[in-house]
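> Fold the following.
(one chain, ligands or ions: 2)
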Amino acid sequence: MSAEARGHRRQDRPPVLGIAGLTIEFATRRGAARVVDDVTLDVWPQEIVGLIGESGSGKTMTALAVLGLLPRTARITTGDIRLSGASLLGLPEAQLRTIRGRQIAMIPQNPMSALNPVLRVGAQVGEPYVLHRGADWKTALTQAVRRLADVHLPLPDERASEYPHQFSGGMQQRAMTAMAIALDPPLLVADEPTTALDVTIQAQILRLLREIRDEHHTSMLFITHDLAVVAEMCDWVYVMYAGRILEQGSVERIFARPGHPYTQALLRATPTGEAAQAELISIPGSIPSPVDLPRGCRFVDRCPYRFKHCDEEPPLLTVEADHTARCWLVETHG
Ligand SMILES: Nc1ncnc2c1ncn2[C@@H]1O[C@H](COP(=O)(O)OP(=O)(O)OP(=O)(O)O)[C@@H](O)[C@H]1O
Ligand SMILES: [Mg+2]
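Numbering: from 1, shown residues only. Ligands and ions are numbered 1, 2, ... in the order given. Below is the predicted model of the structure:
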């Protein structure tokens, strides 16, 4: 955790990323599917902020909205997305293209789908220098090799002239990361960047991302469904479920005292230490459909503590300093 982030979240400057009241809907044959619902989320300078939740909870749609890359059929119905205080919504596509890469870059889950199979890796990592900085290709390739060295790709000079299929999964993820940090953007959005990798490679990539944060002072929105990864990586965490933020707070506080039964269930389902050998406990039931959301608490159908108040959705209630949860049963700790 960065010293700057720890305990000093509210700062005089605006957050690097400020999402306020964001709602995203798809028009479907069965009616409007509200896949992101009134989401408010901040990433402060040099923080790694986790966005966690089961499959289908709206994490990727939130990330794509930040990059201005939502599918054409999605509509932002309310809310705002600000980058260092300036709104990104409604900007012309040409301006968004400039912002992507220079200001915000994304590290996707599947590097193979993002790398161009017919272009040498060095050319792909070097392209941003040509497109955004007006560099000639010789300079761009020198920069690309430097970036490949930054992400600890062995023999970067030789590797730069190879094609993506000649790289292992971990090396492809390193190449993607080199592309993302090419222009030193202040914000990285990483959508499950290590899910496709085996545990050893995953640990190496996570270490690399922390190093990038520390050395380049990059802020990150880090999407994962793995709480163990959150514990290792993040300063702050937002727990998302069926389009809603159900809990948020500093990582230490959420792990020490999860306030929402959903977060408690996620934590029980996360193997840690010795328990890693034990069988994964899964949460019974499934996430509600975005076209048929419950009237009250989103988690009501799966919650073991359900009671009559749950037909009305609570606001985010204060558990303690730097920690809120959307549950009527939240116990407040001074
Ligand atoms: N093009 C689309 N049209 C309609 N609904 C969509 C479309 N794309 C995604 N959705 C729906 O939006 C919801 C949120 O999807 P999203 O991809 O953001 O989930 P996620 O949290 O990233 O899940 P995962 O962990 O599986 O990546 C899901 O219910 C999904 O079915
Ligand atoms: Mg996703």
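> any idea where the strands of the stretch 1-150 of the chain begin and end?
17-28, 31-43, 48-52, 74-83, 86-87, 104-107 (DSSP state E, counting those that start in this stretch).
> Please put the alpha-carbon coordinates of the third one into CSV.
To tie it back to what came earlier, the one meant is strand 48-52. What follows is strand 48-52, C-alpha atoms only, in CSV (Å, rounded to 0.1, in the frame of the first residue of the first chain):
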residue,chain,number,x,y,z
ILE,A,48,-4.9,0.6,-6.3
VAL,A,49,-8.7,0.4,-5.9
GLY,A,50,-10.3,-3.0,-6.2
LEU,A,51,-13.7,-3.6,-7.8
ILE,A,52,-14.9,-7.0,-6.9
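> Touching that strand from outside, list them.
41-43, 59, 62-63, 209-210, 213, 219-227, 229-230, 233-240, 251, 266 (Cβ atoms under 8 Å, 6 or more residues apart in numbering). Every C-beta, even on glycine, is put in place using the N, C-alpha and C of the backbone.
> ok, of those residues, which come out buried?
Among the contacts of strand 48-52, those classed as buried by 16 or more other Cβ atoms under 10 Å are 41-43, 59, 62-63, 209-210, 213, 219-227, 229-230, 233-240, 251, 266.
> Show me the subset of those that also lies near ligand 2.
K59 (Cβ under 5 Å from the ion).
> Please verify my assumption that S219 contacts G18.
No. Under the criterion of Cβ atoms under 8 Å, S219 is not in contact with G18, lying 11.4 Å apart.
> Quick check: neighbours shared by these two?
Residues touching both S219 and G18 comprise V43, with contact defined as Cβ under 8 Å, 6+ apart.
> Return the residues of the stretch 151-300 of the chain in contact with ligand 1.
Within reach of ligand 1 by Cβ under 6 Å from any ligand atom, the stretch 151-300 of the chain has these residues: 225, 290.
> Helices along the stretch 101-250 of the chain, start to end?
Assigned by DSSP state H, counting those that start in this stretch, the helices in the stretch 101-250 of the chain fall at 111-114, 121-133, 137-150, 156-159, 169-180, 199-216, 227-233.
> Output the strands of the stretch 1-150 of the chain in JSON lines, with mean pLDDT appended to each entry.
Formatted as JSON lines, the strands of the stretch 1-150 of the chain follow (pLDDT from 0 to 100):
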{"stretch": "strand 17-28", "mean pLDDT": "97"}
{"stretch": "strand 31-43", "mean pLDDT": "96"}
{"stretch": "strand 48-52", "mean pLDDT": "97"}
{"stretch": "strand 74-83", "mean pLDDT": "98"}
{"stretch": "strand 86-87", "mean pLDDT": "96"}
{"stretch": "strand 104-107", "mean pLDDT": "94"}
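> and E247, which of these is closest to it?
Across the strands of the stretch 1-150 of the chain, E247 has its closest neighbour in strand 48-52 (9.6 Å, Cβ to Cβ).
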